[in-house]
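>>> What would the 3D arrangement of this be:
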Amino acid sequence: MTALAHEPAAREPAAREPAAFAGAVQELDDDHDLSVAAVRELKAGGEPAAVAIREVWPTLSRKAQRRVLVALAALARDHRSAVQCLFEAAHSPDEQISEGAFVALQRAGPPGWDGLVALLTDPDVGDRSAVLLARTEPDAAVGVLLDALTEEGGDRRPVLRSALATAVQRAEESSEPTLRAWLDTNPPVSAVANAALALASIEEYASVVASFIEYAAPRSDGFPTTWRLLRSAAAAGPSEFVDRWIQSHLRSPKEWMLRQAAVDAIAARGRRSDARIALEDPYPRVRTHAVRVLSNDPDSMTLRATLARKDPWPMVRAEAVMSLRSEPVATPIIVAAVDDAMSEVRAAAIEALSGATHDQGWDRIYAHLQNRNEWPSVTAAAIEYVEAHCRIEAVDALRGVALRAASASALTDDINNAARAIVALRVLDTAQAEAALGQLRGSAGASPTLKMALEEPLPRRRRCVPLAP
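A predicted model of the protein is given here:
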């Protein structure tokens with residue numbers, strides 16, 4: 001990557017030599033007035049002053065370097081030596097100096113642009129340069145960032161991807177010609193996968209993403225590249241090749257993350273029925289994703305119900321239960337899950353029933369609300385159910401939950417659930433609920449969390465309407 005390609009504008013020969021500025025450089029460490037005068041002299045000194053600063057830059061104190069950045073910023077627009085000095089300053093371990101150098105390069109016009117390009121492949125400061133290039137000259141930055149992705153290690157720099165996305169989004173002209181011309185140069189597959197992932201969030205470039213996947217997928221033989229291509233495929237434009245390629249990864253890769261990414265991608269492309277095969281995947285996280293994307297899919301309901309009852313992994317059972325919540329025929333499966341052996345599943349089942357238009361399962365839920373040994377996540381879900389279904393008979397149980405926070409050994413989860421119970425009592429808004437709240441207000445030593453729950457206005461005032469019998 002060639003740096004400093006811009007030639008500075010021609011200037012009249014300077015009357016002074018770099019040595020003539022040695023005194024000014026030395027005064028950078030002096031008191032405020034002398035240092036300000038020195039900076040002013042250097043700022044007006046042209047190339048000789050820039051050369052003088054560059055020659056002694058490594059020996060300057062941090063204070064002197066910070067001060068002289070003002071002069072370098074002014075000189076960099078027309079003098080190569082100032083740009084080269086800023087290039088060195090950008091590597092400073094002093095954050096103020098490094099940041100000042102980057103800002104100066106950003107504002108220095110074409111010569112500063114070259115400095116930023118030269119810094120782009122540096123593993124220490126290249127990411128900062130990429131961000132500035134994308135924001136400063138987005139149209140020109142697209143090609144430069146694509147080249148940086150092809151450099152060794154470019155595929156391990158996520159900032160390059162985000163910078164490319166920023167440049168494409170900010171560019172005044174369409175970047176599609178630049179992107180397709182780059183693809184014609186036969187770039188490395190890993191670079192193309194990174195570029196595709198960068199573009200996946202930009203809807204206007206869906207067809208480009210598809211082209212990138214069509215180029216890279218047949219050549220991809222490593223996990224990182226394949227994973228990025230699958231992540232990108234969800235947003236790719238219409239392509240039979242892309243669809244077939246994703247389908248081939250629903251079962252065959254040994255890495256479960258690839259199969260999981262394939263599930264998400266095929267569902268995002270409107271072909272979620274193809275994901276049914278993943279409901280029988282040997283890995284639980286893949287089954288979990290498949291269950292999620294197949295929610296309300298009538299042809300897979302029986303298998304999802306089986307997973308909700310019998311899958312050995314609670315994460316799968318919980319997600320399967322949630323996937324059934326809008327399918328009335330599966331209500332008995334959800335109700336049974338309220339008493340699952342694992343708290344994750346119990347909480348999911350109660351949450352699913354909170355949105356139902358019936359009260360099936362309430363007796364089981366009430367029992368869990370009263371259980372002092374229940375897991376906090378289940379108690380929280382039960383409180384949500386009480387509020388959603390206006391179960392006014394739960395006042396005593398809610399008061400009991402609130403009183404658990406009074407114990408000296410109360411945990412954060414106990415206090416948080418106590419606050420939830422107080423809010424639920426306020427929403428129920430019955431005489432019995434108000435009496436319980438009065439008792440709680442009279443309790444000594446309430447935590448700030450409970451005081452807020454007791455006194456703060458409700459987020460939204462709701463009238464509690466019980467379900468029709």
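>>> Dump stretch 253-267 to PDB, keeping only the CA atoms.
Only the C-alpha atoms of stretch 253-267 are listed here, as PDB (Å, rounded to 0.1, in the frame of the first residue of the first chain):
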ATOM      1  CA  PRO A 253     -20.400 -29.200   9.100                       C
ATOM      2  CA  LYS A 254     -18.900 -30.800  12.200                       C
ATOM      3  CA  GLU A 255     -18.800 -27.300  13.900                       C
ATOM      4  CA  TRP A 256     -22.100 -26.700  15.600                       C
ATOM      5  CA  MET A 257     -21.700 -22.900  15.200                       C
ATOM      6  CA  LEU A 258     -21.800 -23.300  11.400                       C
ATOM      7  CA  ARG A 259     -25.000 -25.400  11.600                       C
ATOM      8  CA  GLN A 260     -26.500 -22.800  13.900                       C
ATOM      9  CA  ALA A 261     -25.600 -19.900  11.600                       C
ATOM     10  CA  ALA A 262     -27.100 -21.900   8.700                       C
ATOM     11  CA  VAL A 263     -30.400 -22.200  10.600                       C
ATOM     12  CA  ASP A 264     -30.500 -18.400  11.200                       C
ATOM     13  CA  ALA A 265     -29.600 -17.700   7.600                       C
ATOM     14  CA  ILE A 266     -32.100 -19.900   5.900                       C
ATOM     15  CA  ALA A 267     -34.900 -18.600   8.100                       C
END
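>>> May I have the residues that are in contact with the closest residue to Arg170 other than its chain neighbours?
Computed as C-beta to C-beta, 6 or more residues apart in numbering, the closest residue to Arg170 that is not its neighbour in sequence is Pro138, at 3.8 Å. Just so you know, the C-beta spots here come from the backbone N, C-alpha and C atoms, and that holds for glycine as well. Counting by C-beta atoms under 8 Å, 6 or more residues apart in numbering, Pro138 touches Thr166, Ala167, Val168, Gln169, Arg170, Ala171, Glu172.
>>> 7 Å - rerun?
Pro138 makes contacts with Ala167, Arg170, Ala171, as judged by C-beta atoms under 7 Å, 6 or more residues apart in numbering.
>>> ditto for Ala419
Thr449, Leu450, Ala453.
>>> What sits closest to it if chain neighbours are left out?
Ala453 (3.9 Å).
>>> Tell me, how many residues neighbour that neighbour?
The number of residues packed near Ala453 is 26, by other C-beta atoms under 10 Å.
>>> Does it fall in a helix, a strand, or a coil region?
helix (DSSP: H, G, I helix; E, B strand; the rest coil).
>>> I figured it was touching Ala421, is that so?
No. Assessed by C-beta atoms under 7 Å, Ala453 is found out of contact with Ala421, at 8.4 Å.
>>> pLDDT value on the residue nearest to Ala419, please?
At Ala453, the model reports a pLDDT of 85.
>>> Tell me which stretches of the stretch 301-450 of the chain form strands.
With DSSP state E, counting those that start in this stretch as the definition, the stretch 301-450 of the chain shows no strands.
>>> ok, now the stretch 1-150 of the chain?
So, for the stretch 1-150 of the chain - with DSSP E, counting those that start in this stretch - there are no strands.
>>> before we move on, back to that, where's the residue nearest to Arg170 relative to Thr430, distance?
60 Å (C-beta to C-beta, to the nearest Å).
>>> returning to that earlier point: and the contacts of Pro138, which is closest to Pro224?
Distance to Pro224 across the contacts of Pro138 (C-beta to C-beta) is lowest for Ala167, with 22.8 Å.
>>> out of everything not next to it in sequence, what's closest to the residue nearest in space to the middle of the chain?
The geometric centre of the chain, computed from its C-alpha atoms, lies nearest to Ser162 (C-alpha atoms, centre = their mean), at 11.0 Å. Closest residue to Ser162 apart from its sequence neighbours, by C-beta to C-beta, 6+ apart: Ala198 at 7.0 Å.
>>> Quickly find the element holding that neighbour.
helix 189-199 (DSSP states H and E).
>>> what number of residues lie near the residue lying closest to Trp57 once chain neighbours are set aside?
Among residues not flanking Trp57 along the chain, Cys85 sits closest, at 5.4 Å (C-beta to C-beta, 6+ apart). Neighbour count of Cys85, defined by other C-beta under 10 Å: 28.
>>> Distance-wise, check Cys85 relative to Ala397.
The gap separating Cys85 from Ala397 is 72 Å, by C-beta to C-beta.
>>> Same check on Ala435?
Taken as C-beta to C-beta, the span from Ala435 to Ala397 is 15 Å.
>>> Those two: which has the busier surroundings?
Higher neighbour count among Ala435 and Ala397: Ala397, with 22 against 13, using other C-beta under 10 Å.
>>> Could you chop the chain up by domain?
The chain resolves into domains spanning 182-267, 390-469 when parsed by automatic domain parsing.
>>> so how far is the first residue of the first one from its last?
Using C-alpha to C-alpha, to the nearest Å, the end-to-end distance of domain 182-267 comes to 30 Å.
>>> ok, now which ones touch Asp139?
Neighbours of Asp139 in contact, by C-beta under 7 Å, 6+ apart: Ala171, Glu172, Glu173.
>>> again, only using 8 Å
Contact analysis of Asp139 by C-beta under 8 Å, 6+ apart lists Ala167, Ala171, Glu172, Glu173, Ser175.
>>> got it, and Ala275?
Per C-beta under 8 Å, 6+ apart, neighbours of Ala275: Leu250, Val263, Ile266, Ala267, Ala290, Val293, Leu294.
>>> and the gap between it and Pro284?
15 Å.
>>> still on that earlier bit, wouldn't the residue nearest to Ala419 be in contact with Asn417 here?
No. Checked against C-beta atoms under 8 Å, the pair Ala453 and Asn417 is beyond contact range at 10.6 Å.
>>> residue ranges for the helices of the stretch 351-469 of the chain, please.
Applying DSSP state H, counting those that start in this stretch to the stretch 351-469 of the chain gives helices spanning 362-370, 376-389, 395-403, 412-428, 431-441, 448-455.
>>> could you point out where the stretch 51-200 of the chain is predicted with low confidence?
Along the stretch 51-200 of the chain, no part satisfies pLDDT under 70.
>>> no, scratch that, I was asking about the stretch 301-450 of the chain
In the stretch 301-450 of the chain, residues with pLDDT under 70: 444-446.
>>> 80 - rerun?
Segments of the stretch 301-450 of the chain classed as low confidence (criterion: pLDDT under 80) are 406-409, 442-448.
>>> Distance check, the residue nearest to Trp57 against Arg62.
15 Å.
>>> Also Asn186?
47 Å.
>>> out of the contacts of Ala275, which is most surrounded?
Ala290 (33 neighbours).
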